[in-house]
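Kindly return the folded structure for what I paste below:
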Amino acid sequence: MNDIATLRRILGTCRTIAVVGLSPQWHRPSFFAAKYMQAHGYRIVPVNPTAPEILGEPSYPSVTEAARALATKGERIDMVDCFRRTEDIGPLAEEAIAVGAKCLWQQIGVVNEEAAARARAAGLDVVMDRCVKIEHARLFGGLNWAGVNTRVISSRRPQQLPY
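Below is the predicted model:
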């Protein structure tokens, strides 16, 4: 499920990302990844009950609260990006299903097969043990131009996202 075409499709269609566990501290990986995605045209919705605002966006205590707030503006969450421990993913998968997200993304080091199976059964795309920022840079960001082996072989430049 983590083939190049699938990852490109997910990153091309999921434009609003609820980042669960997004830290307000600039040196944390979640902040760095979210800031990168925001700079590349994605709408970041912070989910952190301890911070009122992160990256200029209001922070919400849960995915459900974030989805409720976005719904009042006619918007929805496309992806739930989880910067949480593996054992915390189950309830997050249930929230992602309940709010109608298209994708449940588990960051590097996070693999919860039970939650993934439930999300897949509900029709969500599931990505595990990968970083959304790294995958975007690998597939769309020109990382290969810097000499990094992206494992993408093509004579064409990657299709750019419309932002």
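
Who are the contact partners of the residue positioned nearest the centre of the chain?
In the chain, the centroid-proximal residue (C-alpha atoms, centre = their mean) is residue 81; its distance is 3.6 Å. Each residue near residue 81 by C-beta atoms under 8 Å, 6 or more residues apart in numbering is listed here: 17-20, 33, 105, 107, 132. No exception for glycine: its C-beta is placed from N, CA and C like everyone else's.

If we only consider the residues you listed, which is nearest to residue 98?
residue 18 (12.3 Å; C-beta to C-beta).

Wait, a strand at the closest one?
Yes. Secondary structure of residue 18 (DSSP: H, G, I helix; E, B strand; the rest coil): part of a strand.

Can you tell me how far it is from residue 80?
As for residue 18, its distance to residue 80 is 5 Å (criterion: C-beta to C-beta, to the nearest Å).

Name the residues contacting each of these two.
63, 101.

per-residue confidence for the residue nearest to the centre of the chain?
Confidence at residue 81, expressed as pLDDT, is 98.

can you pull out the helices in this protein?
Assigned by DSSP state H, the helices in the chain fall at 4-13, 29-39, 63-71, 89-99, 113-121, 132-139.

Now do the last one against helix 4-13: the angle between them, please.
What it means is helix 132-139. On the basis of axes from the mean of the first three to the mean of the last three C-alpha atoms, to 10 degrees, helix 132-139 is oriented at 110 degrees to helix 4-13.

I'd like to know which elements helix 132-139 is packed against.
helix 4-13, helix 29-39 (3 or more C-beta pairs under 8 Å, 6 or more residues apart in numbering; DSSP states H and E).

With the fifth one instead?
Judged by 3+ C-beta pairs under 8 Å, 6+ apart, the packing partners of helix 113-121 are helix 89-99, strand 103-106, strand 125-127.

which stretches of this protein have low pLDDT?
Scanning the chain for pLDDT under 70 picks out the ranges 1, 141-163.

Around residue 108, count how many other residues there are.
Using other C-beta atoms under 10 Å, residue 108 has 14 neighbouring residues.
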